[in-house]
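Q: give me the fold of what follows.
(chains A and B)
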Amino acid sequence: MAVRLKESRGQEMALTAVVAVVVVVLSILPMLRLIMEIVAPGGSLSRAAIDAGLANSSTWVATGHTLVVGIGGTILAVILGTLVAVLVTLTDVRGRGPFVLCYVMPLMVAPQVTALAWLQLFGPASPLLRLLGLAPPLGARNPLYSPEGIILLLGVQYGPLVFLLVRAGLRKLPRELVEAARAGGADWFTVLCTIVLPLMTPSIMAAAALAFVSCVGNFGIPAFLGIPANYLVLPTLIYQRLAGGGPASLGEAAFLSVLIGVIAMAGILAQEAMSRRRDYRISSTSMIAEPYELGGWRLPVQAGMWILIFAILFLPLVGLLLTSLVPGYGIPLNAATATLDNYRFVLLEHTAASRAFLNSFGLSIAAAAFSVIAAIPIGYLIAWSTQRNVRLLNLAIELPYALPGVVLAIASLLLFLKPIPLTGIQIYNTVWIILYAYLARFLVLALRPTVSGYHQVDRALEEAAQVAGARLFTRLRTIIFPLVAPAAMAGGLLIFMTALSELTVSALLWSSGAETIGVVMFSFEQGGDSNYAAAISAIMVAITFVLMLVTNLLAPHLPSGVLPWRD
Amino acid sequence: MAGLTLSNVTKSFDGFDAVKDMSFDVKDGEFLAVLGPSGCGKTTLLRLVAGFERLTSGEIRIGGQTVSSTSGNVPPERRRVGIVFQNYALWPHMTVAENVGYSLKVAKVEKAARERKIADALALVNLKGFGDRRPANLSGGQRQRVALARCLVAAPSLVLFDEPLANLDVHLRASMEDEFAAFHKRTGTTIVYITHDQAEAMALADRIAVMDHGRLAQLAAPRQLYMEPANEMVASFISQGILLPARVLSAAESGRCRVEVLGQEVVVRCRPGERPRGNAKICCRASDIEAGGPSEPGFDALIKRAVYQGGKARIEFSPLANPELDLHFEQPDPNSFESGAEARMRLKSGWLISGE
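A: As a prediction, this is how the structure comes out:
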């Protein structure tokens, strides 16, 4: 008996050890390396890097810009997302499923694609505006090349993020709390303002913090909209420094990326402080309140919601599509000029572009596959382990995703600039460093659904196998994997979609021969070849949409909330 | 204050009738308990009265005014009903005083008057000085009293209780029962009280409406419900009534008739107008059964189990002639019955269930 006891513990120890190695390599090591670069550049403790960074005026200008667009984008996202969440969750509007699918779509599309689509919509060369005869004269400045443009697009991009969190909060609101207020004589709007929204404070705050971190760390939108206007935020400043100075400017880039991390953390801490000020704990559980009957308002509200979708999704996508069909900048689109040449060029003729498609597909598949395989044992420890350090483990895996992508990219650069000790392997300037960063950054996207999958599985199923004599690894393989696999797979598909058109990390880590789709699209746009960039973007949107629909097939086997676009 | 009238109220969810053709009157100032096993539709009934659900057919009137009908629905906030929920439904982001004063604030009552009314309401439920506390810092009984004060302060025409004691422990239940009774006496409010606990309903209500599968099974005063159940469901649901097959031998005469039960002839209570018939059922209680002498009228039975219950024993047995029937009675100490033994049992009385 004693032998059996020892063996089963041995397997759990082995599992814990493997998970620990994964977490150290993917999360703790890069963060430590980054911090070391700041406090001890060159190996000895010094304030030199910090002082140099603080003395530089462009640091302060970019920090100011980051705060402006970060806070502005967050406010817009919170207003939009909360409004939509209230309408969709608490009222009797029709057609929720398609609406939610469309509204969440911008979140699934890469930010730089959103940026490009909107630019094509409003610019002087906009085929749509030209078709309508509304285009500004060629050479006029695109109105989106401005802080207001960046804020607008950040709000559109991350409104769905707020929507998802607030909706989850609203679904936990017990109906009695609403009904008690209505029985007390309050009409629906009063209940909304005095009961529902105050009780949603924690959800709204958490959503705001997440939106803030995303806005501050966003690279694609300020890169497309800010760089042409010379309106630099911290991520674009880092990009410019590295593009101009190469590895020599890594120290400065490290300082700037830590600064972004600090701003993001400050946002999260502010949210924690605000949420603690009052007691919002809802102790009881119950059904959600009956949807409020909008009556005569229902049709206008529904119309308004679809106009929103039309404005933030369909119009930009149409703009993108039309641009991808135009042979060159400023040429009007008509039956004679429309062409698929741009698609043929990016898919078949341009070597870097076709290589990038291969690279991105390979990277995304590898990142998704690794994350699914890793998420199952890690999720097992987080969901079911009785060990104490589980919270720390969870935190360590969340960190690379919670921090802006720029931070992780710089940390990876620092870590692998020199060959890996003992082995002499050099992954800097290869596709492998991008893969490393993807693994570190996206693991949590597979882990979260897996953990919620574990919470839905009755632990007795595993215990029954244990009683039947199966040891941990056997149980993981034969019992646990089949049960949580759908949730983990859905996470893998999310990773695949996100990684496929990723730009923030790869913009800093790419090298010739190791381009990603995002990078190629970005360089086309920077070189003025919007038509090629639009063609790539249109392909990416189509792939994303098809993947979303394919993932929907998994939905019956998934815990609710895993697929964000499902109502 | 106002009465409540339901006329042929039906509520269907996707073809399933949660409430079916319910009609009854609650008089002004009356305390009506709605009693039934879980899933019988009593909570749906309460939500219909409060206005949170729309009825499928029928009509609901409060104080003579139609509030729900197929042609329209007065929204809950305009019905002047108060509700006390099972889970209290106190708003966690407000203090006790803010919770209690919410309806006054919504009605834009000026501050001084509002504070006076809040203080009065809190005093009425013995929570003077608790105004600044948070709901999270109160015990279950205190929370329920805050909920009571909250619905009281608006002077509602009708107060609905939705299983208000189900979340409280046994000791607290008894004292809250007293509190509710005192509340009713003091305010004279019309009360509809939903519960699945018979003892609670019996102790508090003027009349009890028993619900079964969405229908009204019987509406009567507690004593009548116990003594004269209208049908088999009520008979077996209330106080574990025992149902026995019987044959009516004589017509009703001053509320009694003779029946044959388990081969024994017994005089039982009955409704006027009963005539001799077969296939009848009588309802009797454990107290209607006693052990009889060997030659006395009665029936022979097999003792199945004797459960000691402190000072008395519950004796479970089956008649030898009908072994599928399970009966029981209570035998005060000392108990001489043992399982497996045979004994003579005697039925003293019962109630003949009318056979519509």
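
Q: buried residues, stretch A:339-359. List them.
A: A:T339, A:D341, A:N342, A:Y343, A:F345, A:V346, A:H350, A:A353, A:R355, A:A356, A:F357, A:N359 (16 or more other Cβ atoms under 10 Å in any protein chain shown). Glycine gets a C-beta too; all of them are placed from N, C-alpha and C.

Q: so how far is it from its chain's centroid?
A: 26 Å (Cα atoms, centre = their mean, to the nearest Å).

Q: correct me, but A:A366 touches A:L435?
A: Yes. Using Cβ atoms under 8 Å, A:A366 makes contact with A:L435 at a distance of 5.8 Å.

Q: pick out whichever of those two has more residues nearby.
A: Applying other Cβ atoms under 10 Å in any protein chain shown to A:A366 and A:L435 shows that A:L435 carries more neighbours, namely 21 against 17.

Q: pLDDT at the more buried one, what is it?
A: At A:L435, the pLDDT value in this model is 93.

Q: for it, give me its contacts.
A: A:L363, A:A366, A:A367 (Cβ atoms under 8 Å, 6 or more residues apart in numbering or on different chains).

Q: how about the helix or strand containing it: buried residues?
A: A:L435 belongs to helix A:431-456 when assigned by DSSP states H and E. Using 16+ other Cβ under 10 Å as the test for burial, helix A:431-456 gives A:431-454.

Q: what's the burial count for the residue in the stretch 201-350 of chain B that chain A sits nearest to?
A: Here the stretch 201-350 of chain B gets closest to chain A at one residue, B:G214, 19.1 Å apart by Cβ to the nearest Cβ. The number of residues packed near B:G214 is 22, by other Cβ under 10 Å.

Q: for A:S57, same thing?
A: 7.

Q: list phi and psi for it.
A: The phi/psi pair for A:S57 (degrees, to the nearest 10) reads phi -70, psi -30.

Q: kindly report the same for the one 10 residues further on.
A: Reported as degrees, to the nearest 10, the phi and psi values for A:L67 are phi -70, psi -40.

Q: distance check, the residue nearest to it when sequence neighbours are not counted against chain B.
A: Setting aside the residues directly before and after it, A:L67 is nearest to A:I263 in space (Cβ to Cβ, 6 or more residues apart in numbering or on different chains), at 7.2 Å. Using Cβ to the nearest Cβ, to the nearest Å, A:I263 is found at 29 Å from chain B.

Q: under the pLDDT cut-off, which ranges of the stretch 1-150 of chain B? List them.
A: Applying pLDDT under 70 to the stretch 1-150 of chain B flags residues B:1.

Q: return the residues of it in contact with chain A.
A: Within the stretch 1-150 of chain B, the residues that sit near chain A (Cβ under 8 Å from any Cβ of the partner chain) are B:50, B:52-53, B:75-83, B:85, B:87-89, B:91-93, B:102-103, B:106-107, B:134, B:136, B:147, B:150.

Q: residue of the stretch 1-150 of chain A nearest chain B, please.
A: Closest residue of the stretch 1-150 of chain A to chain B, Cβ to the nearest Cβ: A:D92 (12.0 Å).

Q: for the stretch 251-400 of chain A, give me the ranges with low pLDDT.
A: Residue ranges of the stretch 251-400 of chain A with pLDDT under 70: A:278-279, A:282-286, A:386-387.

Q: quick one: distance of the helix holding A:L435 to the chain centre.
A: Chain-centre distance of helix A:431-456: 12 Å, with Cα atoms, centre = their mean.

Q: what's in contact with stretch B:289-304?
A: B:242, B:262-265, B:315-321, B:323, B:326-329, B:331, B:337-348.

Q: put the alpha carbons of it into CSV.
A: The C-alpha atoms that make up stretch B:289-304 are tabulated as CSV, following Å, rounded to 0.1, in the frame of the first residue of the first chain:
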residue,chain,number,x,y,z
ILE,B,289,-56.6,4.6,14.7
GLU,B,290,-56.1,2.7,18.0
ALA,B,291,-55.4,-0.9,19.0
GLY,B,292,-58.5,-2.9,19.7
GLY,B,293,-59.3,-6.0,21.7
PRO,B,294,-59.3,-9.4,19.9
SER,B,295,-63.2,-9.7,19.7
GLU,B,296,-63.9,-6.0,19.2
PRO,B,297,-64.9,-4.7,15.8
GLY,B,298,-61.9,-3.9,13.7
PHE,B,299,-59.4,-5.6,11.4
ASP,B,300,-56.3,-7.7,11.7
ALA,B,301,-53.0,-6.3,10.8
LEU,B,302,-49.3,-7.2,10.4
ILE,B,303,-47.0,-4.9,12.3
LYS,B,304,-44.1,-3.9,10.0
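
Q: and stretch A:223-237, what's buried?
A: Neighbour-count burial for stretch A:223-237 flags A:223-229, A:231-237 (criterion: 16+ other Cβ under 10 Å).

Q: measure it end to end?
A: Stretch A:223-237 has an end-to-end distance of 9 Å (Cα to Cα, to the nearest Å).

Q: break chain A into its domains for me.
A: Per automatic domain parsing, the structural domains of chain A span A:1-43+A:346-567, A:56-339.

Q: compare these and give me the one nearest B:F237.
A: The closest of those to B:F237 is domain A:56-339. By Cβ to Cβ, the value is 26.9 Å.

Q: between the two ends of the closest one, how far is it?
A: From its first residue to its last, domain A:56-339 covers 48 Å (Cα to Cα).

Q: for B:R275, grab the count of nearby residues.
A: 10.

Q: wouldn't it be in contact with B:A251 here?
A: Yes. Between B:R275 and B:A251 a contact is recorded at 5.1 Å, counting by Cβ under 8 Å.

Q: in a strand, A:R566, correct?
A: No. Using DSSP: H, G, I helix; E, B strand; the rest coil, the secondary structure at A:R566 is coil, not a strand.

Q: which residue, other than its chain neighbours, is closest to it?
A: A:R566's closest residue in space is A:A555 (Cβ to Cβ, 6+ apart), at 5.9 Å.

Q: mean confidence score for stretch B:341-356?
A: pLDDT averaged over stretch B:341-356 gives 87.

Q: for the stretch 201-350 of chain B, just list every one of the helices.
A: Secondary structure of the stretch 201-350 of chain B by DSSP state H, counting those that start in this stretch: the helices cover B:222-227, B:232-237.

Q: got a list of what A:Y239 touches?
A: Residues near A:Y239 by Cβ under 8 Å, 6+ apart: A:F219, A:A223, A:A507, A:L508.

Q: so which bits of the longest helix seen in chain B are buried?
A: Counting by DSSP state H, the longest helix found in chain B is helix B:170-187. Buried residues in helix B:170-187, defined by neighbour count with 16+ other Cβ under 10 Å: B:L172, B:R173, B:M176, B:E177, B:E179, B:F180, B:F183, B:H184, B:T187.

Q: tell me the gap between it and the middle of its chain.
A: 16 Å.

Q: what residues does it touch?
A: B:31, B:124-125, B:140-141, B:144-145, B:148, B:152, B:161, B:164-165, B:168, B:189, B:191, B:193, B:200, B:203-204.

Q: quick one on the thing from earlier: quick check: what element follows whichever helix or strand the residue nearest to A:L67 is part of along the chain?
A: A:I263 is part of helix A:250-276, with elements assigned from DSSP H and E. For helix A:250-276, the following helix or strand on the C-terminal side (DSSP H and E) is helix A:298-309.

Q: which single residue of the stretch 351-500 of chain A ends up nearest chain B?
A: A:H455 (23.3 Å).

Q: for the residue lying closest to that residue once chain neighbours are set aside, give me its contacts.
A: Spatially, and ignoring its direct neighbours in sequence, A:H455 is nearest to A:A383 (5.9 Å; Cβ to Cβ, 6+ apart). A:A383 makes contact with A:V451, A:Y454, A:H455, according to Cβ under 8 Å, 6+ apart.

Q: how near is the last one to A:R167?
A: In this view, A:H455 and A:R167 are 19 Å apart by Cβ to Cβ, to the nearest Å.

Q: same question, the second one
A: Using Cβ to Cβ, A:Y454 is found at 23 Å from A:R167.

Q: ok, now the first one?
A: Distance check for A:V451 against A:R167: by Cβ to Cβ, it reads 20 Å.
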